[in-house]
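Colleague: sequence and computational prediction follow.
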Amino acid sequence: MIETKQAANIEVSVFITVYNHEKFLRECLDSLVSQVTNFKFEIVIGEDCSPDNSRAIVIEYANKYPELIVPILYEVNQGSKKCPGKGNFTNTFYQCKGKYVVHIEADDYLINNHKLQMQYDFLEQNLDASACFHNAIMSYEDGTGRPNTNINPPDQKTKIYPEDFLGQKEIWFMATASVMFRRNLIGEKFPDWFLQSKSGDIPLYLMLSNKGYIGYLPDVMCVYRRHLSGMSYTDSNLDEVFIKNRMFMYSNVDKELNFKYNHLIKPILGEYYLLLTNVFKLKNQYFQSIYFAFISLYLTKPNSKEHLKLVFQDFIIPTGLMKVYANVKWRLETLFSKKVSQ
């Protein structure tokens, strides 16, 4: 049995979600236990019944650092087929006792021993900020051979609001491990719809930024790994379940924000309806495809002439009719050009 000596007056809780992370876990934990702070912090680890050696590593570190590490060793996997990992995320978060919270996925790690202190100081000094994040390295370990890059550009905005996440679908510029937020802004329970959303980061940051801006620190202080077994490779624009889950998420975010940003969320939903249109077209379900195409046009209006033309040509007018139209158009243009030349 693991004995943990939880310190009182914990200022920061770092919680880690672990599942099949044996390859990366030690580097992640080593980067956390080496943090230098003038306050007390805890490392809460949710180990979600990994079939690899992850649980043994968690136990090893918990025994070695009992005053820092709080192991949560689930007996039953907390995920679901629809949202793998979400149960581990929420249930481990509920165990956090700190004033501020940082979520780290176990395949990422910190590269600055003062990260927690710097973010803590920022939030203590900027009471109107709901959270803060910092620059990070994107490490491509997916076989593409791409060089590592910084996630945030030199001109990154220093104050982030909800509209900054709603310019288009799938906007992403915050490494998960780079974010520290105020625990009290979430309360004791996430909204029920959050538990059903495959994405955790997007709705969390939208809810936070709606309660106060998210500040930016330019220091590069963590590494975000992009590899083939990561969650970012499990989604697809051709996956009907994924697309509908994103639509569900944005619809509920819209309600959560009291429809204040409905004018920005509607076009995003329109983009997902267009993806759904393509899915049903590939399944030869043309009437359903056309129906979703018109919904997409309605949500994204006003539409440019180019966008209207693209949607009608690709999704609304039957392919056979488009071929006939193209052939007739070509013949007329050819005939006209001959007459002009004569």
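Modeller: Perfect, I can see it now. Numbers count the residues shown, from 1 in each chain.
Colleague: wait, Gly87 sits on Gln78?
Modeller: Yes. Taking contacts as Cβ atoms under 8 Å, Gly87 lies within contact range of Gln78: 3.1 Å. C-betas here are computed from N, CA, C, even on glycine.
Colleague: any common contacting residues for those two?
Modeller: Asp48 (Cβ atoms under 8 Å, 6 or more residues apart in numbering).
Colleague: Leu29: which element?
Modeller: helix 22-33 (DSSP states H and E).
Colleague: which outside residues touch that helix?
Modeller: Counting by Cβ under 8 Å, 6+ apart, 14, 16, 18, 21, 43, 50, 52-54, 57-58, 61, 65, 68-69, 104, 106-111, 225 sit against helix 22-33.
Colleague: go again using 7 Å as the cut-off
Modeller: 14, 16, 18, 43, 52-54, 57, 61, 65, 68, 104, 106-110, 225 (Cβ atoms under 7 Å, 6 or more residues apart in numbering).
Colleague: of those, buried ones?
Modeller: Buried subset of the contacts of helix 22-33 (neighbour count, 16 or more other Cβ atoms under 10 Å): 14, 16, 18, 43, 54, 57, 61, 68, 104, 106-110, 225.
Colleague: just those: which are in helices?
Modeller: For the buried ones among the contacts of helix 22-33, the ones inside helices are 54, 57, 61, with DSSP state H as the criterion.
Colleague: find the residue closest to the residue nearest the centre of the chain in space, skipping its chain neighbours.
Modeller: Nearest to the mean C-alpha position of the chain, counting by Cα atoms, centre = their mean, stands Asp201 at 4.0 Å. Here the nearest residue to Asp201 in space, its sequence neighbours aside, is Thr176; by Cβ to Cβ, 6 or more residues apart in numbering that works out to 6.0 Å.
Colleague: would you confirm that the one you found contacts Gly200?
Modeller: No. With contact defined as Cβ atoms under 7 Å, Thr176 and Gly200 do not form a contacting pair (8.6 Å).
Colleague: need the contact list for Phe173.
Modeller: 151-152 are the contacts of Phe173 under Cβ under 7 Å, 6+ apart.
Colleague: next, it: secondary structure please.
Modeller: Under the three-state scheme (DSSP: H, G, I helix; E, B strand; the rest coil), Phe173 adopts coil.
Colleague: then stretch 249-265 to PDB, C-alphas only?
Modeller: Only the C-alpha atoms of stretch 249-265 are listed here, as PDB (Å, rounded to 0.1, in the frame of the first residue of the first chain):
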ATOM      1  CA  MET A 249     -19.500  20.100 -28.400                       C
ATOM      2  CA  TYR A 250     -19.800  23.500 -30.100                       C
ATOM      3  CA  SER A 251     -23.600  23.600 -29.800                       C
ATOM      4  CA  ASN A 252     -23.300  23.100 -26.000                       C
ATOM      5  CA  VAL A 253     -20.400  25.600 -25.700                       C
ATOM      6  CA  ASP A 254     -22.700  28.100 -27.500                       C
ATOM      7  CA  LYS A 255     -25.300  27.500 -24.700                       C
ATOM      8  CA  GLU A 256     -22.700  27.600 -22.000                       C
ATOM      9  CA  LEU A 257     -21.600  31.000 -23.200                       C
ATOM     10  CA  ASN A 258     -25.200  32.200 -23.300                       C
ATOM     11  CA  PHE A 259     -25.100  32.500 -27.100                       C
ATOM     12  CA  LYS A 260     -22.800  35.500 -26.800                       C
ATOM     13  CA  TYR A 261     -20.600  34.100 -29.600                       C
ATOM     14  CA  ASN A 262     -23.300  32.500 -31.700                       C
ATOM     15  CA  HIS A 263     -22.300  34.600 -34.700                       C
ATOM     16  CA  LEU A 264     -18.800  32.900 -34.600                       C
ATOM     17  CA  ILE A 265     -20.000  29.400 -33.600                       C
END
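Colleague: which parts of that stretch are buried?
Modeller: Neighbour-count burial for stretch 249-265, with 16+ other Cβ under 10 Å as criterion, is recorded at 249-250, 252-254, 256-257, 261, 264-265.
Colleague: among those, which lie within helices?
Modeller: 249-250, 252-254, 256, 264-265.
Colleague: residue boundaries of the helices in the stretch 151-300 of the chain?
Modeller: 192-196, 201-209, 240-256, 262-282, 286-300 (DSSP state H, counting those that start in this stretch).
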